[in-house]
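> Please work out how this folds:
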Amino acid sequence: MSVFELNDGRRIPPLGFGTFRLPAGRQTRVAVLTALAAGYRHIDTATVYGNERDVGVAIRESGIPRDEVWVTTKLWNSDHNEPLAALETSLAKLGLDRVDLWLMHWPTSQRLKSWDLMVEARDSGLAASIGVSNFLAPHLTELFRHSAVVPAVNQIELSPFLLGTRADTVRLCQERGVIIEAYSPLTKGARLNHPALVRIADRLGVSTAQVLLRWCLQHGFVALPRSSKPDRIRTNIDLGGFALTEADVQTLDALDEGLTTGWDPSSVS
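Numbers count the residues shown, from 1 in each chain. This is a model prediction of the structure:
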């Protein structure tokens with residue numbers, strides 16, 4: 001699977017394994033080990049997930065060289081008073097001397113001050129790349145005016161069922177060279193049986209989840225599926241043997257219904 005190039009020159013694997021709601025302990029370790037064995041080389045965690053320590057253990061137990069695994073974590077809302085200390089805590093839990101990507105998890109009222117400190121973390125080597133999460137067009141526009149450093153990544157909820165609603169954010173990211181990471185790309189299962197998805201999946205001989213993930217990749221979005229079930233973890237990465245037609249992509253692009261399955265940052269000023 002080809003990589004995507006970030007605006008800071010680094011390359012990110014386009015399919016990551018998400019660990020949201022994987023509980024700390026054995027379940028996270030087994031899921032991450034299963035993902036790495038299946039071929040994932042991009043693991044996404046966060047301070048608030050409470051599983052950074054187990055993610056780090058699984059990466060070490062996998063035997064895969066550190067430089068071959070992209071690791072993302074995130075600055076949580078309650079840590080904006082001391083962002084750099086929060087990153088040091090995350091690194092200690094992960095057992096790493098740096099993360100590949102550090103994201104601001106939410107556009108809090110302290111976001112501009114925290115961004116400046118995240119730039120310091122990047123410049124000092126604690127975070128190789130930095131970015132944001134749940135930032136919509138107004139939050140990004142404010143940040144672009146504040147700082148000359150453009151985020152490498154914006155991680156937002158995204159699927160065909162939200163694309164139109166987030167069109168201004170997607171367009172702005174593309175104009176400024178910010179890679180979009182799509183979390184909950186499988187709609188937490190809410191739309192996996194949608195008739196349009198089923199028709200495309202049946203024709204291609206794949207699952208509807210694979211169709212949604214392929215849609216992300218063909219749009220240039222990094223996809224972050226999450227599962228604790230080994231068979232689904234393996235199926236979700238098996239995307240190399242098929243492609244969506246232009247008509248398929250257009251059909252999926254037209255499915256917008258404003259579906260958010262988690263946090264909706266549109267009300268954050």
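
> Buried residues, stretch 9-16. List them.
I12, P13, P14, L15, G16 (16 or more other C-beta atoms under 10 Å). For the C-beta atoms, the positions are set from N, CA and C on the backbone; glycine is no exception.

> And stretch 118-128, by the same measure?
Residues of stretch 118-128 classed as buried by neighbour count (16+ other C-beta under 10 Å): M118, A121, R122, L126, A127, A128.

> outside of that stretch, which residues touch it?
By C-beta atoms under 8 Å, 6 or more residues apart in numbering, the residues outside stretch 118-128 that reach it are 10, 75, 83-84, 87-88, 91, 97-102, 104, 129-130, 147, 149.

> With only the CA atoms kept, save it in PDB.
Taking C-alpha atoms only, stretch 118-128 is exported to PDB below (Å, rounded to 0.1, in the frame of the first residue of the first chain):
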ATOM      1  CA  MET A 118       3.300  21.800  20.000                       C
ATOM      2  CA  VAL A 119       5.600  23.500  17.400                       C
ATOM      3  CA  GLU A 120       8.300  23.600  20.100                       C
ATOM      4  CA  ALA A 121       7.800  19.900  20.700                       C
ATOM      5  CA  ARG A 122       8.200  19.200  16.900                       C
ATOM      6  CA  ASP A 123      11.300  21.400  16.800                       C
ATOM      7  CA  SER A 124      12.900  19.600  19.800                       C
ATOM      8  CA  GLY A 125      12.200  16.200  18.200                       C
ATOM      9  CA  LEU A 126       9.700  14.900  20.700                       C
ATOM     10  CA  ALA A 127       7.000  14.800  17.900                       C
ATOM     11  CA  ALA A 128       8.200  14.300  14.400                       C
END
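
> Check the offset of it from the chain's centre.
On the basis of C-alpha atoms, centre = their mean, to the nearest Å, stretch 118-128 sits 19 Å off its chain's mean C-alpha point.

> State the mean pLDDT of it.
In this model, stretch 118-128 has a mean pLDDT of 98.

> do stretch 38-58 as well
Per-region confidence: stretch 38-58 scores 98 on mean pLDDT.

> ok, now which ones touch the most centrally placed residue in the chain?
The centroid of the chain falls nearest to E181 when counting by C-alpha atoms, centre = their mean (4.2 Å). E181 is in contact with G16, D44, S133, V153, N154, Q155, I156, F221, V222, A223, L224, counting by C-beta under 8 Å, 6+ apart.
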